[in-house]
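**Student:** Sequence first, predicted coordinates after that:
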Amino acid sequence: MPKPLRVAGEVDGWCTRCRLVLNHRIVSMKSGKPHQVECLTCRSQHLWRPGAPGEKRAGAGNGGDEKASTSAAKGAPRAARVSGATKHVQLWEKATLGRAVGEFKAYSVGANFREGDLLRHKKFGDGLVTRVIDASKVEVLFRDEVRTLAQGMT
Ligand SMILES: [Zn+2]
């Protein structure tokens, strides 16, 4: 059975200084509710609060949701972006470096190549057949660029 609230009466409320729900003396009323109150424990005057701030969240004082809005990683590191040219050379090196001289077929227009063949061109150097276009043309990866060479000419 709650006592009627009135100025100079007492009411339980949150003390902002003691940080506890304590008995307060009502200093002023507003709209039928305590407005300003005085803590009977520490004698501080403050606005009346019925309970602890954030009481609805479990565990007051534990702060709760401290989600740091991470707006970081958008401009992520542009690690090791390989330019087209570099990639090309890497492919070429992977295909040709360390291969035995005997694995390279001397290029001539009369020869026939298959995909994956290594060839040696008098002018362009070592190359890898990356694609057989048709009976008379192959695509060859050389160190500097991909070239289309004739093959199977009689
Ligand atoms: Zn107090």
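**Tutor:** Yep, it's here.
**Student:** can we go C-alpha only for contacts and neighbour counts from here?
**Tutor:** Noted.
**Student:** List the residues that contact Thr41.
**Tutor:** Thr41 sits next to Cys18, Leu22, Asn23, His24 when contact means C-alpha atoms under 8 Å, 6 or more residues apart in numbering.
**Student:** Out of those residues, which are close to the ion?
**Tutor:** Contacts with the ion within these, counted by C-alpha under 5 Å from the ion: Cys18.
**Student:** Same question for the helix or strand bottoming out on mean pLDDT in the chain: list its buried residues.
**Tutor:** When the helices and strands of the chain are scored by mean pLDDT, DSSP states H and E, helix 84-96 comes last with a mean of 89. The neighbour-count check on helix 84-96 (16 or more other C-alpha atoms under 10 Å) flags His88, Val89, Trp92, Glu93, Ala95, Thr96 as buried.
**Student:** Quick check: which ranges of the chain have low pLDDT?
**Tutor:** Residue ranges of the chain with pLDDT under 70: 1-3, 55-82.
**Student:** per-domain residue ranges of it.
**Tutor:** Using automatic domain parsing, the domain parsing of the chain gives 10-47, 84-150.
**Student:** Would you mind measuring the gap between the ends of the shortest one?
**Tutor:** Start and end residues of domain 10-47 are separated by 14 Å (C-alpha to C-alpha, to the nearest Å).
**Student:** Same check on stretch 10-29?
**Tutor:** First-to-last residue span, stretch 10-29, C-alpha to C-alpha: 12 Å.
**Student:** Could you list the residues in contact with that stretch?
**Tutor:** By C-alpha under 8 Å, 6+ apart, stretch 10-29 touches 5-9, 34-42, 44, 46, 48-53.
**Student:** PyMOL command for the buried members of those residues?
**Tutor:** Paste this into PyMOL to select the buried members of the contacts of stretch 10-29, with burial taken from 16+ other C-alpha under 10 Å:
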select buried, resi 6+7+34+35+36+37+38+39+46+48+49+51+52
